[in-house]
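Peer 1: show me how the following folds:
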Amino acid sequence: MNAVASMPPRVLIADSDPWMRDLLSQMLLAVRGDARLQMCATGPDALEHLRELPDLVIATRELPGISGLDLLRGVRKSPRLATLPFILLSERGDSASVREVLPLAPTAYLTKPVDMAGLKARLLTLLPNSGDVGAQRAPQIAAGTTLDHYVERRRLECDGGPLLCDVQAAVIRASGDMKVLEANLRSDPQVTAVLISAANSAAKPGASPVLTLQQALYALGVTQSRNLLLALASKPGAYLTDPLLLERAEVCWNRSAHTAEFARSIARQQQLDEWFCHCAGLLHCLGNLALLRVLQEWQLAGGELDEVRITQVLRTFSAPYGSELRRRWRLPLELRELIAAAYQLGGGVYSREKLIVNVAAQMASLGADEDVTQIAQGKPARLLKIGVSQLNWWRGAPMIR
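Peer 2: Numbering: from 1, shown residues only. So this is what the prediction gives:
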């Protein structure tokens, strides 16, 4: 490497898949918390970053514009970069593809889904620690920053909500069994949203959109699902610890779970896709949960919080946070529209799925001493032809959570 051992290493990550970039950045920061990461999605952008003389490159062979293989060729021909450590990732593991790469002497040629344990072992050799730099830095608040300004800034880059499930335990219990893994994780909004987003991001052009957790797990496969799940669990703030924030999160998780289960039950009765409706109901509070995670960051950085401030921030920013996450994570349009139906139907013609999710959200919002009569008299329930007795039956049915 061209950096002095005591200097923080500069690492270039080039991959068109945003979730793969995130996964690789998590792995790097777990090895060297002081690493200076440069991330890009195309070959031309990676070529520009190479001018800054990184200490290590991790690039995907299938980069758009200029392939990772061509980047490696250029590096090996450059007098300044010829000895630069270069890890090449690829979806191609056939013998012809490997033979094509070997003369260029990559530091490693790894096929996707990547064995993250093996990659970590290589990174520990390539990026040796100089002191205690394995832990990521604690968040900092700039002087004069108000809570509203902090929350608004973090909206564009937050990592989503906190985890409900013990993800590491769920992965261990499943032992590679997708059905068991899905059953252990299906109540967690953060897990569901991230895996659906990752599966759609990695899908081939023209593929049918992934709309449920079960579809996402099978699309990603055992190894990549496991990699993403463990990376989620290792991120700062993955789990809430403050009692006030946990109390608010429990309300959101319970409302999400009830909406999801009501939607699933009604969809099954209507002979529609029950897990699609379940997923939309589960994700409709993700903005609230993401905001609670950001509030924990604020508190850990020394900011003050109380119940009044938490309530005000949730009332103002939950909807924008939810919209931003659904947009940035590129959830399929049909899923985003179904999630929005939990709040309002708007004008026009409604699909039965939207009517179902709307009724389910109304049911989940009922207090213990409120009855379902008003819901049964509303337009969504009437269009679905479901009445008080049916709604009461669903209300008393046990949940799958």
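
Peer 1: surely D34 and P8 touch.
Peer 2: Yes: the pair D34 / P8 is scored as a contact, 4.2 Å apart, by C-beta atoms under 8 Å. (Each C-beta comes from the backbone N, C-alpha and C, glycine too.)

Peer 1: the two: who's more crowded?
Peer 2: Per other C-beta atoms under 10 Å, whichever of D34 and P8 has more neighbours is D34, with 18 against 15.

Peer 1: and that one, helix, strand or coil?
Peer 2: Put simply, D34 is coil when judged by DSSP: H, G, I helix; E, B strand; the rest coil.

Peer 1: that one and E157, how far apart?
Peer 2: Computed as C-beta to C-beta, to the nearest Å, the D34 to E157 distance reads 20 Å.

Peer 1: any idea which residue of this protein is furthest from its center?
Peer 2: In the chain, counting by C-alpha atoms, centre = their mean, P79 sits farthest out from the average C-alpha position, at 40.1 Å.

Peer 1: just to be sure, it is in a helix?
Peer 2: No: P79 is assigned coil when assessed by three-state DSSP, not a helix.

Peer 1: now for the strand or helix carrying L119, which elements pack on it?
Peer 2: L119 belongs to helix 116-126 when assigned by DSSP states H and E. Applying 3 or more C-beta pairs under 8 Å, 6 or more residues apart in numbering; DSSP states H and E, one finds that helix 116-126 contacts helix 18-31, strand 108-111.

Peer 1: and if we set it to 7 Å?
Peer 2: helix 18-31 (3 or more C-beta pairs under 7 Å, 6 or more residues apart in numbering; DSSP states H and E).

Peer 1: what's the span of stretch 124-144 from first residue to last?
Peer 2: Distance between the two ends of stretch 124-144: 39 Å, counting by C-alpha to C-alpha, to the nearest Å.

Peer 1: just stretch 161-176 next, same as before
Peer 2: This stretch, stretch 161-176, spans 25 Å end to end (C-alpha to C-alpha).

Peer 1: regarding F276, what is its secondary structure?
Peer 2: helix.

Peer 1: what's around it, how many residues?
Peer 2: 21.

Peer 1: now it, nearest residue through space, not along the chain?
Peer 2: Spatial nearest neighbour of F276, excluding adjacent residues (C-beta to C-beta, 6 or more residues apart in numbering): L211 at 5.1 Å.

Peer 1: where does the one you found sit: helix, strand or coil?
Peer 2: coil.

Peer 1: and it, how many neighbours does it have?
Peer 2: The burial count for L211: 21, using other C-beta under 10 Å.

Peer 1: isn't it right up against L335?
Peer 2: Yes: with contacts defined as C-beta atoms under 7 Å, L211 counts as touching L335 at a distance of 5.4 Å.

Peer 1: and for those two, which residues touch both?
Peer 2: Here L211 and L335 have C279 as joint contacts, going by C-beta atoms under 7 Å, 6 or more residues apart in numbering.

Peer 1: and the next element down the chain from the helix holding L119?
Peer 2: Next helix or strand after helix 116-126 toward the C-terminus (DSSP H and E): helix 147-155.
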